[in-house]
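Chemist: missing the sequence, but the structure's below:
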């Protein structure tokens with residue numbers, strides 16, 4: 001009796017699977033179909049990876065294609081709503097030249113260390129006014145690095 005119910009369930013699952021649209025199968029449904037086929041003995045020696053590639057690959061590829069279309073739309077919205085670059089709050093000071101102790105370093109590293117020193121000085125003085133080291137749109141490092149690059 002149990003085998004008859006299992007066979008009926010397997011047949012129903014396979015019929016439902018082939019009758020449904022290709023993008024309708026989820027990974028959970030594919031797993032359930034695999035388990036039913038395994039219990040029904042209709043796998044013919046296939047393991048999960050082979051079963052998934054053969055039976056679920058087309059639906060997964062089409063689902064991924066549909067998902068990529070959905071993810072492209074928000075990307076366009078993000079591009080149109082560009083973040084304005086951060087302007088330094090009043091009271092924040094930036095170094096005007098590279099610190100003498102970092103002149104032996106490569107230019108990029110010397111600028112970074114000089115800016116970090118200036119950031120810590122501003123932090124201790126309490127003059128950052130909400131400006132962080134790195135933040136979206138440009139933080140202290142971005143603003144400082146741009147000024148030091150312009151000076152050299």
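Modeler: Noted; the coordinates are in hand. Owing to the predicted nature of the structure, the values given are computational and were not obtained by experimental measurement.
Chemist: so who does residue 145 touch?
Modeler: Taking C-beta atoms under 8 Å, 6 or more residues apart in numbering as the contact definition, residue 145 lies against 111, 112, 115. In this view, the C-beta of every residue, glycine as well, is placed from N, C-alpha and C.
Chemist: so the second one is in which element?
Modeler: Read it as residue 112. helix 107-125 (DSSP states H and E).
Chemist: helices and strands around that helix, which ones?
Modeler: helix 140-151 (3 or more C-beta pairs under 8 Å, 6 or more residues apart in numbering; DSSP states H and E).
Chemist: Including neighbour count and distance to residue 122, could the contacts of residue 145 go into JSON lines?
Modeler: Formatted as JSON lines, the contacts of residue 145 follow (neighbours: other C-beta atoms under 10 Å; distance: C-beta to C-beta, whole Å):
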{"residue": "111", "neighbour count": "24", "distance to residue 122": "16"}
{"residue": "112", "neighbour count": "17", "distance to residue 122": "16"}
{"residue": "115", "neighbour count": "24", "distance to residue 122": "10"}
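Chemist: The spatially closest residue to residue 89 that is not a sequence neighbour: neighbouring residues, count only.
Modeler: Distances taken as C-beta to C-beta, 6 or more residues apart in numbering place residue 129 nearest to residue 89, at 3.7 Å, with adjacent residues excluded. Neighbour count for residue 129, taken as other C-beta atoms under 10 Å: 11.
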